[in-house]
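Visitor: Sequence first, predicted model second:
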Amino acid sequence: MLAQPTSAGGSPRASMPADIDIANAAALGTQLRAAVPNDAPGLAVDLSATRYLDSAGIEMLLALGEQLRRRRQEVRLVVPSASPLRRLLTLTGVDRVLAIDEPTGAAAPGPAPAGEAP
């Protein structure tokens, strides 16, 4: 996992590994929480390279979202629409709790432009 700020004072963006499962989900969650300064608007979690996500990984993402929400921050998942993970996140209802974006520069948390849904 690699977390880098997207801009000065902006949101970090974390690129996730190919596999997220019970063996690494807890450690990844700890790293992700540590990557988000209190003054950042949130965190973009890039799952573009991830090919396997089990229930421990899903739980970690949901817990991260809840923890950051309590800090008034947002988690946005970056997942290509053609990825099987996109369907998994939809079937499990994660898309109703966490925002999911295409892998572009638009994944940074922040307000949606006027007239667009968040």
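Guide: In hand now; what should we look at? Numbering: from 1, shown residues only.

Visitor: Spell out, range by range, the strands that occur in the chain.
Guide: Under the criterion DSSP state E, the chain carries strands at the ranges 2-5, 12-15, 19-20, 42-46, 52-53, 74-78, 99-101.

Visitor: Out of those, which gets nearest to Leu91?
Guide: Of all the strands of the chain, strand 52-53 sits nearest to Leu91, with 11.7 Å by Cβ to Cβ. Placement of C-beta: from N, CA and C, glycine included.

Visitor: And that closest one, what does it pack against?
Guide: strand 19-20 (3 or more Cβ pairs under 8 Å, 6 or more residues apart in numbering; DSSP states H and E).

Visitor: does Leu43 have beta-bridge partners, and which?
Guide: In this entry, Leu43 is beta-bridged to Val75, by DSSP bridges.

Visitor: Neighbours of the closest residue to Leu62 other than its chain neighbours, how many?
Guide: Spatial nearest neighbour of Leu62, excluding adjacent residues (Cβ to Cβ, 6 or more residues apart in numbering): Val97 at 6.2 Å. Residues within reach of Val97, counting by other Cβ atoms under 10 Å, total 14.

Visitor: Give me the contacts around the lengthiest helix in the chain.
Guide: When the chain is parsed with DSSP state H, its longest helix is helix 55-70. Helix 55-70 has contacts (Cβ atoms under 8 Å, 6 or more residues apart in numbering) with 20-22, 25-26, 28-29, 32-33, 36, 42-43, 45, 74-75, 77, 88-89, 92, 94, 97-98.

Visitor: Can you point out the buried residues in it?
Guide: For helix 55-70, burial by neighbour count (16 or more other Cβ atoms under 10 Å) applies to Ala56, Gly57, Ile58, Met60, Leu61, Leu62, Leu64, Gly65, Leu68.
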